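# Using only what follows, build the 3D model:
(2 chains)
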Amino acid sequence: MKIKKLKFKNFRQFYGEHSIEFSTLSDKNITVIHGENGGGKTSLLNAFKWAFYEVTDLDTGDSRLLNKQALVETSEGNEITLYVQVDFEHDGVNYEAIRTQKFIRSGESEKKSGAATLELSWTDPHRGYDRAPNPEVRIKQILPKNLHTYFFFHGERIEKLASIEGTEQVREAVKNLMGIEVVERALTHLETRVKKYFKNEQKKFSSAKDAQLLQQIEELEAEIAKGKKEIANHTKTISEARADIESIDQKITANKETEELQNRRKKIEEDIKFNKENLEKLSQDNKRLINSRGFLAFFKGSAADVLSILEERRKKGELPYKVKRQFIEDLLSEGKCICGSDLAEGTAAYDHLQKFKIGAGGADLEEGYMLTTGALSNVQSDAGELQRQLKDNIKQAEGFRGKIDKLSQELDAISDKLGQSENEEVSSLEGRRKTLAELISSCEQGIGKNNSLITQHSEERSKIEKQYKEEAEKSGRANEATKKYEIACACKDALQKIIEAFSNEIREKLSEKVKETVDKILRNEYQAKIDENYVLRFYQKTPSGLIEVPDLSSGQRVVASLSFVASIINVAKKKYQSEGASEYFSGGLYPLVMDTPFGNADDDHSNNIARLIPELADQVIILASNKNWSSEVDRICRLKIGKEYSLVHFSPNPKDGVDPKYERKSASGYEHSKIEEGHYGG
Amino acid sequence: MSGKSAKDIMASFDPTIKKLIGQILAIEKEYRHMGTLAETNEEDICQRIVAEIEKVAKE
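Here you go, the predicted structure:
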């Protein structure tokens, strides 16, 4: 995606129509818009957000979208139009997105006249002009809303950004950016309609018995699909509820009266998580022990019985024999006993030894006896050890459960306290939090239930499929329809494997890129990686190794967030540009729009960001105040700047101390801003 | 890289399946920019996929 133009009318401090064209050149990929505070930088950033998603994040305390002058100049009851249009190119198609909101003047204020509308049209090189029937959905597919705070980035308000969470939405959004949704769509088509088509064809050629089996398979598949859908819905609900809880927690922490309780709750929740993880480890350990050595429990009793029988025989002198057969044979062949008696054939002594030889044990019996008693003793001691380990694990698990119960009670007490707070906002937030927590718990149960049903149905389906195949082969009815159905299944299975491999590949590449970016900006003091759940982990390098940094400072957050989004953009760009990528996963080119990007970062970090970000993204739009735009940043970016503008603020009473190039006297008497090409300097 | 890459996985498939997947994805890509598809588009795509599979089954 490359943003070509932003055009708007009566939006915030911009009276009438205005437009900005952005640089789309690859060697001069930066567009800079300079402006002082109040000049309209944040309004421009919000113009993109509003046009695409109908959301704004304004920090001036005035969230009004309609320009005041436009309102005042309209007669009572008349309509005023506000619109924002974004022209952009994506994947070879030129799009025009335009969101319009109409207002009616009502006294000194305005009333919305109907809902805001979004139109999305495009010019496709093959099919020409067309309009999206569902523009909101298409926009979100091109540039996922869940990631918009990163693409439209406000460096000074970084603490207001949602923490860099590994939510399901982020994972899905990243996959969308990489172009995986085309493959997922193919998978859905194969899984549903195509397979169904061939299954119906199979039925036409089947016997009554085969058709019955096919019907059973179909019913099981429908149940499995239903289960998967329910899991996906639960996962989405959990993810949204967690995000809501986080935002509630932030609000409760922001309140001084409740900050301490909320911090205590956060600590307890971490402790519960730690204990639950330990409990899970123990459960895994128990499973491993039972799988590998569980059989010992069944042999312990039998081993004792056999050992006791052997012991009895040993006591009787029967096992192992005191005199070896070989020894008797040697005496008989030498013809002399150890007592000095002659052992000639026919003598009483000879006959006596002969009888003794028959009952004497051989070496194999002796060895067998030793091995058996040894093994049985080991079974007994191993079974004892297994029992001891399991008992020990159960005891530890009880300990963890006890701690979890105690901590949960503390959590409930905190929740009750907050719920009964005299501050109505707090009590209402806590009430909502409680409802969300209950929702999460019920969804988690739902996921567990559906997972177990899916396993059960899948096993049943495999059995019936095998039966169907055998029947069809036996009766020679393995027809062409079955072959087609199997090809569709093979394609579906192959796509599933590819998606899985590709998702892992992307996460690993993303993690490497984030690490590399953070290394470059933070001069090797920190290390970052993205874990398997797409959570960005931040570590400090110390002489004793890496220590995870749970709470980032504002400056670190700027760097972490920029690294995260720049890395996503860069991995998608690399994929887009790599050979053969278009066949399966296209990736894509995405812009980065940054308001006051250097935020709270120090000079060194700002210079590193200025050096690195334009290398990572294909298009960079920077909204900068002169305070942030240092001469060094200007020097670093200068050769890559393709377009440059300045925002001029017109005020009835220009402030003292503000550069007159950026703040001028308003001739109309109304406050407003204009966009002028070029840079007036700091 | 800890596991096999998508490219490696793809290379391990039967050439017929590999070719077919390429054709299926090419069909899907034609409709990518449309966002959520209308019923007629869904029907078109699936009929085209069915036709590709039928061709392969006859070979």
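# make it CA atoms for all contacts and neighbour counts henceforth
Fine.
# Ramachandran coordinates for the residue nearest to A:H672 when sequence neighbours are not counted?
Among residues not flanking A:H672 along the chain, A:Q13 sits closest, at 4.8 Å (CA to CA, 6 or more residues apart in numbering or on different chains). Main-chain dihedrals, A:Q13, degrees, to the nearest 10: phi -80, psi 10.
# Around A:Q13, how many other residues sit close by?
25 (other CA atoms under 10 Å in any protein chain shown).
# who touches it in this structure?
For A:Q13, the contact set (CA atoms under 8 Å, 6 or more residues apart in numbering or on different chains) comprises A:40, A:43, A:67-68, A:671-673.
# how close does it get to A:K287?
65 Å (CA to CA, to the nearest Å).
# What are the buried residues along the lowest-mean-pLDDT helix or strand in chain B?
One helix or strand of chain B scores below all others by mean pLDDT, DSSP states H and E: helix B:6-11, with a mean of 80. Under the neighbour-count criterion of 16 or more other CA atoms under 10 Å in any protein chain shown, helix B:6-11 has B:6, B:9-10 buried.
# near chain A too, which of these?
Restricting the buried residues of helix B:6-11 to those touching chain A (CA under 8 Å from any CA of the partner chain) yields B:6, B:9-10.
# The closest residue to chain B within the stretch 101-250 of chain A: helix or strand, and which one exactly?
Relative to chain B, the nearest point of the stretch 101-250 of chain A is A:R138 (4.5 Å; CA to the nearest CA). Using DSSP states H and E, A:R138 maps to helix A:135-142.
# What residues sit buried inside that helix?
Here helix A:135-142 shows A:135-142 as buried, counting by 16+ other CA under 10 Å.
# Now do that helix, average pLDDT.
Across helix A:135-142, the average pLDDT comes to 83.
# picking that back up, pLDDT wise, what is the residue nearest to A:H672 at?
93.
# got the residues of the stretch 401-550 of chain A near chain B?
So far as CA under 8 Å from any CA goes, the stretch 401-550 of chain A lies against chain B at A:480, A:483-484, A:487-488, A:490-491, A:494-495, A:497-499, A:501-502, A:504-505, A:508.
# hmm, which of these are the buried ones?
Buried, going by 16+ other CA under 10 Å: A:480, A:483-484, A:487-488, A:490-491, A:494-495, A:498-499, A:501-502, A:504-505, A:508, out of these.
# In helices only, show me the contacts of A:Q13.
A:43, A:68 (DSSP state H).
# in chain B, what spans have low per-residue confidence?
Applying pLDDT under 70 to chain B flags residues B:1-3, B:33-36.
# Backbone dihedrals for A:E79, please?
The phi/psi pair for A:E79 (degrees, to the nearest 10) reads phi -90, psi 140.
# is it in a bridge, and if so with what?
When bridges are called by DSSP bridges, A:E79 pairs up with A:I104.
# Quick one: neighbours of it, just the number.
Neighbours of A:E79 (other CA under 10 Å): 17.
# In chain A, where's the longest helix?
helix A:363-419.
# ignore the last one, chain B
helix B:39-58.
# which other residues reach that helix?
Contacting residues not belonging to helix B:39-58 are listed as A:189-190, A:193-194, A:480, A:483-484, A:487-488, B:16, B:20, B:23-24, B:27-28 [CA under 8 Å, 6+ apart].
# Try it again at 10 Å.
The list of residues contacting helix B:39-58 from outside it, by CA atoms under 10 Å, 6 or more residues apart in numbering or on different chains, reads A:186, A:189-190, A:192-195, A:197-198, A:480-488, A:491, B:16-17, B:19-21, B:23-25, B:27-28, B:30-31, B:34, B:36-38.
# sorry, back to before: if we take the ones next to chain A among the buried residues of helix B:6-11, which one ends up nearest to chain A?
B:A6 (5.0 Å).
# Tell me how far the closest one lies from B:S12.
According to CA to CA, B:A6 stands 10 Å off from B:S12.
# In contact with A:W122, which residues?
For A:W122, the contacting residues are A:87-90, A:93-97, A:128-132, B:33-34, by CA under 10 Å, 6+ apart.
# Check which helices and strands the helix or strand hosting A:I248 sits against.
Using DSSP H and E, A:I248 maps to helix A:208-254. In terms of contacts (3 or more CA pairs under 10 Å, 6 or more residues apart in numbering or on different chains; DSSP states H and E), helix A:208-254 is packed against helix A:168-177, helix A:195-204, helix A:256-293, helix A:424-474.
# which one of those helices is the most hemmed in?
helix A:168-177 (a mean of 21; mean count of other CA atoms under 10 Å in any protein chain shown).
# next helix or strand past that one?
helix A:180-189.
# so A:D27, which of the three states?
coil (DSSP: H, G, I helix; E, B strand; the rest coil).
# cool, A:E89 as well?
Going by three-state DSSP: A:E89 is strand.
# Including mean pLDDT, could the helices and strands packed on helix A:208-254 go into a markdown table?
Output for these, formatted as a markdown table (pLDDT from 0 to 100):
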| stretch | mean pLDDT |
| --- | --- |
| helix A:168-177 | 66 |
| helix A:195-204 | 84 |
| helix A:256-293 | 89 |
| helix A:424-474 | 90 |
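# Can you lay out the buried residues of helix A:135-142 as CSV showing distance to A:I568?
Output for the buried residues of helix A:135-142, formatted as CSV (distance: CA to CA, whole Å):
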residue, distance to A:I568
A:P135, 24
A:E136, 22
A:V137, 21
A:R138, 20
A:I139, 18
A:K140, 16
A:Q141, 15
A:I142, 14
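# residues in contact with residue 19?
Looking at chain A here, since you left the chain open. Here A:S19 is in contact with A:5-9, A:84-86, A:674-675 (CA under 10 Å, 6+ apart).
# my bad, the chain I had in mind was chain B
Contacts of B:K19 (CA under 10 Å, 6+ apart): B:13, B:56.
# ok so, going back, quick one: the residue of the stretch 101-250 of chain A closest to chain B from A:N176, how far?
12 Å.
# if I look at those two, which residues touch both of them?
When contacts are counted by CA under 10 Å, 6+ apart, A:R138 and A:N176 have A:P144 as shared neighbours.
# Out of the contacts of A:S19, which comes closest to chain B?
Using CA to the nearest CA, the contacts of A:S19 come closest to chain B at A:V86, 16.7 Å.
# How far does stretch A:670-682 sit from its chain's centre?
42 Å (CA atoms, centre = their mean, to the nearest Å).
# buried sites along that stretch?
A:670-675, A:679-680, A:682.
# Check stretch A:632-644 too.
A:633, A:636-637, A:640-644.
# and these, which of them are in helices?
Using DSSP H, the buried residues of stretch A:632-644 in helices are A:633, A:636-637.
# coming back round to it: and the contacts of A:Q13 as CSV, adding pLDDT?
Output for these, formatted as CSV (pLDDT from 0 to 100):
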residue, pLDDT
A:G40, 92
A:S43, 94
A:N67, 94
A:K68, 91
A:E671, 89
A:H672, 93
A:S673, 95
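# Just name the closest of the contacts of A:Q13 to chain B, please.
Nearest member of these to chain B, counting by CA to the nearest CA, is A:S43, at 28.5 Å.
# correct me, but that closest one touches A:N10?
No - in this structure, A:S43 is not within contact of A:N10 by CA atoms under 10 Å, at 11.5 Å.
# Find the residues that touch each one of these two.
Both A:S43 and A:N10 are contacted by A:L65, under the criterion CA under 10 Å, 6+ apart.
# which intervals of the stretch 551-682 of chain A have sub-threshold pLDDT?
A:551, A:579-586, A:599-600, A:682.
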